[in-house]
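**Student:** predicted model follows, preceded by the sequence.
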Amino acid sequence: MTNKTLSSDYLADLACQALAFEVQLAPKPGLVDPWSNGAHQDMTPQTFAASIEALRPYFKGYVQLGQTHAGAPDQLFQALRQLGQEAEAAMLTATAGVNTHKGANFSFALLLGALGACQGDLEASWPLIKAMTQHLVTQDFAHLAKKTSLSYGERLYLEHGITGVRGEAAASYPVLRQGLLPFVNKRKDLDQRQIWLQALVYLMATVQDGNLLHRGGLTALAQVQDEMCLLLDQLPGLSLTQLEERLIAYDQVLIERHLSPGGSADFLALGYFCTLLPSS
């Protein structure tokens, strides 16, 4: 299969496959998986399955917008954002109001739209994502000082300059290009589950996770990152069974702290999706 023949159905299927892989991967500290619901009392793997199926037609739509759009990158972004809002509404309907994939939906909209415009070429998609989103932070956060009510993300930006997933998109996802994908590529000889459980440790140690920030603030994020950095250093000497034991124990720690690294989970799904794409 050449890149020019990557259909919207095919790419949407890969995106759904990646999200399903993420929720089925276990054990994941603080996150929903078949072994534990983590720090979530309002969702199960079945909730995620319903969300994924609700998003599937919109994933196809993102690709098609990219394939057919002939305007400027910011016009493609606006079209993707509008469809993304419809997708989010469909997700919330399918999950009875539970936010399962809001962050992932945003990033998959950009990535799938760019892949549609670039005929499935991942490397060509990164610059387009940057062109689509380079003004996103300044536009979305332009008038925060005048607002009477701020979201948590808006407060983080005003108080600490944290730009979250908007900033990551505007830099064309360095967490994936420069971090996660090289990390995974160096571990191709390991068991698949071991690769991606290690990848989750890497992400939790390095990512400014919006979900952790939302639930526990900067202190909680720093503590989780410090703890995961220690585990990251120990990974080369751990078997899969030993790594599972560490992650199961840490799941209980995060449950007690009511913390969930959902941002890391989103990046894991995005990274897995990128590895599923056929090479150029």
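**Tutor:** Perfect, thanks for sending it.
**Student:** just give me the neighbour total for Ser85.
**Tutor:** Just so we're on the same page, residue 85 is Gln rather than Ser. 12 (other Cβ atoms under 10 Å). No exception for glycine: its C-beta is placed from N, CA and C like everyone else's.
**Student:** residue contacts, Gln46?
**Tutor:** Contact criterion Cβ atoms under 8 Å, 6 or more residues apart in numbering gives no residues in contact with Gln46.
**Student:** now do Leu25
**Tutor:** Leu25 neighbours (Cβ under 8 Å, 6+ apart): Asp33, Arg193, Trp196, Leu197, Leu200, Leu268.
**Student:** look up how far Leu31 lies from it.
**Tutor:** 9 Å (Cβ to Cβ, to the nearest Å).
**Student:** please apply the same query to Ala96.
**Tutor:** 20 Å.
**Student:** so which of the two has more stuff around it?
**Tutor:** Legend: neighbour count by other Cβ under 10 Å for Ala96 and Leu31, higher for Leu31 (26 against 10).
**Student:** so who does the closest residue to the more buried one other than its chain neighbours touch?
**Tutor:** By the measure of Cβ to Cβ, 6 or more residues apart in numbering, the closest residue to Leu31 outside its immediate chain neighbours is Gly38, 4.5 Å from it. Going by Cβ under 8 Å, 6+ apart, Gly38 touches Lys28, Pro29, Gly30, Leu31, Val32, Asp251, Leu254, Ile255, Ser260.
**Student:** follow-up on the earlier one: which one among the contacts of Leu25 gets closest to Asp140?
**Tutor:** Leu268 (25.0 Å; Cβ to Cβ).
**Student:** that's a strand at the closest one, yeah?
**Tutor:** No: remark: Leu268 does not belong to a strand; assigned using DSSP: H, G, I helix; E, B strand; the rest coil, it is helix.
**Student:** quick check, it in contact with Leu200.
**Tutor:** Yes: Leu268 is in contact with Leu200 according to Cβ atoms under 8 Å; the separation is 5.7 Å.
**Student:** more crowded one of those two?
**Tutor:** Using other Cβ under 10 Å as the criterion, Leu268 and Leu200 rank with Leu268 on top: 29 against 23.
**Student:** mind listing what the more buried one touches?
**Tutor:** Neighbours of Leu268 in contact, by Cβ under 8 Å, 6+ apart: Glu22, Leu25, Leu180, Trp196, Ala199, Leu200, Leu203.
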